[in-house]
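# I'd like to go over a predicted model; first the sequence, then the structure.
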Amino acid sequence: MADAHREIQPAHYIAESKQWLPGPSQDRAEHMPSFIRVVSWNIDCMRPEPDLRLDAALSYIQHQVFKCRTNRRRPEPCSILLQGVLATAFDTILNNKWVQNFFVVIPSTTDAWPKLAKYGTVTLLSRSIRITKSTSIHFSCSESQHHAIFVDVKLSGLLDTAQALPPSESVVTLRIANTHLDPLPDGTPIRKKQLKLVAGALMQDGLFGGIVGGDFNAVSPDDSALVESVGLWDAWSGDDEGGFTWGYQPRSPLTPGRLDKLVYTPRPGLFIDTPKKIALGKKYGKLMRRRWISDHYALLTKVQCVYFASDASDHDPSDHGHVQQGLREQRNIETCSLDHPLVSHSPPRSKHIIPLHPGTNSRSRRKAWKRLLRMKSSSPSVEQHSDETRTL
């Protein structure tokens, strides 16, 4: 079963019985979300006090990233990808009240990790998102017992989140992967094998697209071409040094690097925000005994799938560029990199399915987009608000 997909069980919390049960949550959101925010963070398995650091990390994500001031405040649709979680600290996640109220935990137990693994990856998915499948791959070539977790989720391909549940043809499946590639400078060939397995899983038939976040351990110059060599695209669009996520907490004698990444499958309609570095300088503990939560920064992005009214495979690659350019013009985005083909702040919410038709030339597509954007410019946007619930 080396490198084979293994079915793994998610777990959801039942407040009435105060226990975690296997299987996805039975919660059903009133509106199917059209986007998902993704956080990726290596919590660091090497430092002392893993329970306290993991608890501090979850508290930071709850209060400062998603602005949930209480354990009863529902976050936006999101997925939290954690790496470097020690098996001895796994219960810290399960005992967190905010996680109990609003998240599904994948896997449900560390038994789903490779047999000899002392640490691994954990994915938290907000219960407002429907899960259809969860699997893992144990890397047979890994000397560190590393693996990847995959979760298939359903999203609306419509941009208007205020609509009732969208028609079935506009519901898309996004696969979210969470991984930790092998370390060491001479490990690039191993990392390539591992990432190639992940890329293959993200490109399977039946998926709208896929995104993978995690610690890529990109410590060698050869790692710079690793992502594109397996057919994926890097969501980061700035200079490499500006994206460094490791080497500062504390200052390392080794060269700082962009070890952590968010990458995705290039395809029309899949929009990824340029990742934002978060958790910079974050510590925990009492005033006179403050320690770093992790030696890694975390990453935050937003993913949105835009359903095309006709089969996306019928369109040439320039279609996506026209769609994206039109969305940028409407949003008047200032921080977006126009040099990266698919990097974009997420499109505005709209009451329309994006109508792209094969066989038209580039100029006519641009004109159609301009007309559509002018028509939508007067449509009020729908703001997403967090909900209070009665859960404890």
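Yep, it's here.
# Name whatever forms a beta bridge with S40.
Residues in a beta bridge with S40, per DSSP bridges, are L81, L299.
# Also G120?
Note on G120: beta-bridge partners by DSSP bridges are V85.
# and if you look at W246?
Assigned bridge partners for W246, using DSSP bridges, are G257, H296.
# what sits against it?
Counting by C-beta atoms under 8 Å, 6 or more residues apart in numbering, W246 makes contact with 252, 256-260, 295-297. From N, CA and C alone the C-beta is placed, and that goes for glycine too.
# hey, where'd the strands end up in the stretch 101-250 of the chain?
Counting by DSSP state E, counting those that start in this stretch, the stretch 101-250 of the chain has strands at residues 103-106, 119-126, 130-138, 147-156, 171-180, 209-215, 233-234.
# packing partners for the first one?
If I follow you right, that is strand 103-106. Helices and strands touching strand 103-106, by 3 or more C-beta pairs under 8 Å, 6 or more residues apart in numbering; DSSP states H and E, are strand 11-14, strand 119-126, strand 130-138.
# if you set the cut-off to 10 Å instead, what comes out?
Counting contacts by 3 or more C-beta pairs under 10 Å, 6 or more residues apart in numbering; DSSP states H and E, strand 103-106 packs against strand 11-14, strand 78-86, helix 90-94, strand 119-126, strand 130-138, strand 147-156.
# cool, the third one as well?
Contacting strand 130-138 under the criterion 3+ C-beta pairs under 10 Å, 6+ apart are the following elements: strand 5-7, strand 103-106, strand 119-126, strand 147-156, strand 171-180, helix 188-202.
# Throw those into a markdown table and include distance to D239 and mean pLDDT, thanks.
Below are these laid out as a markdown table (distance: least, C-beta to C-beta, whole Å; pLDDT from 0 to 100):
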| stretch | distance to D239 | mean pLDDT |
| --- | --- | --- |
| strand 5-7 | 36 | 92 |
| strand 103-106 | 34 | 98 |
| strand 119-126 | 28 | 98 |
| strand 147-156 | 28 | 97 |
| strand 171-180 | 25 | 97 |
| helix 188-202 | 21 | 97 |
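# G247: which of the ones you listed is closest?
Nearest to G247 among the helices and strands packed on strand 130-138 is strand 171-180 (17.5 Å), distances taken as C-beta to C-beta.
# Parallel or antiparallel, list what pairs with that closest one.
Partners of strand 171-180 in the sheet, by DSSP bridges, are strand 147-156 (antiparallel), strand 209-215 (parallel).
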